[in-house]
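Q: what's the 3D shape of this:
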Amino acid sequence: MVGDAQALPFPSNSFDAVLAAFSLNHLANPAEGMREVGRVARQFVLVSTYAADDDHPVKDAVEGALAEAGWARPGWYA
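A: Okay, here's the model as predicted:
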């Protein structure tokens, strides 16, 4: 299903657990995305992102691919 991460197309408490891996940090308003994740999760929420000082090569590869697709870092990202 495709939907807006800041307005998930699911009723409240739809899932026992929600995983938001490397996604909320790409939203213009990550707090709103987190509220939505909490809304649809009944019990567990797991969120991950890269640390600001993370120099793992995968981070560079992901950011490079996103940039090629037109993504630009929001001001708060750095």
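
Q: Quick one: the strands in this structure, in order.
A: Shown for the chain, the strands assigned by DSSP state E span residues 15-21, 41-48.

Q: Mind listing what's buried along the shortest one?
A: It stands for strand 15-21. For strand 15-21, a neighbour-count test (16 or more other CB atoms under 10 Å) marks 18, 20 as buried. Where C-beta positions appear, they are placed from N, C-alpha and C, glycine not excepted.

Q: Lowest average confidence across helices and strands of the chain, where is it?
A: Sorting the helices and strands of the chain by mean pLDDT, DSSP states H and E puts helix 57-68 at the bottom, at a mean of 82.

Q: and it, how far from the chain's centre?
A: Relative to the mean C-alpha coordinate of its chain, helix 57-68 is positioned 15 Å out (CA atoms, centre = their mean, to the nearest Å).

Q: now do stretch 63-75
A: For stretch 63-75, the distance to the chain centre is 14 Å (CA atoms, centre = their mean).

Q: Can you measure across stretch 48-67, start residue to end residue?
A: Counting by CA to CA, to the nearest Å, you get 20 Å between the two ends of stretch 48-67.

Q: hmm, back to that, can you redo the strands of the chain as a markdown table with mean pLDDT and distance to residue 7?
A: Listed next are these as a markdown table, based on pLDDT from 0 to 100; distance: least, CB to CB, whole Å:
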| stretch | mean pLDDT | distance to residue 7 |
| --- | --- | --- |
| strand 15-21 | 91 | 15 |
| strand 41-48 | 89 | 15 |
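
Q: could I get those strands as CSV with distance to residue 61?
A: Shown next, in CSV, are the strands of the chain (distance: least, CB to CB, whole Å):
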stretch, distance to residue 61
strand 15-21, 15
strand 41-48, 16
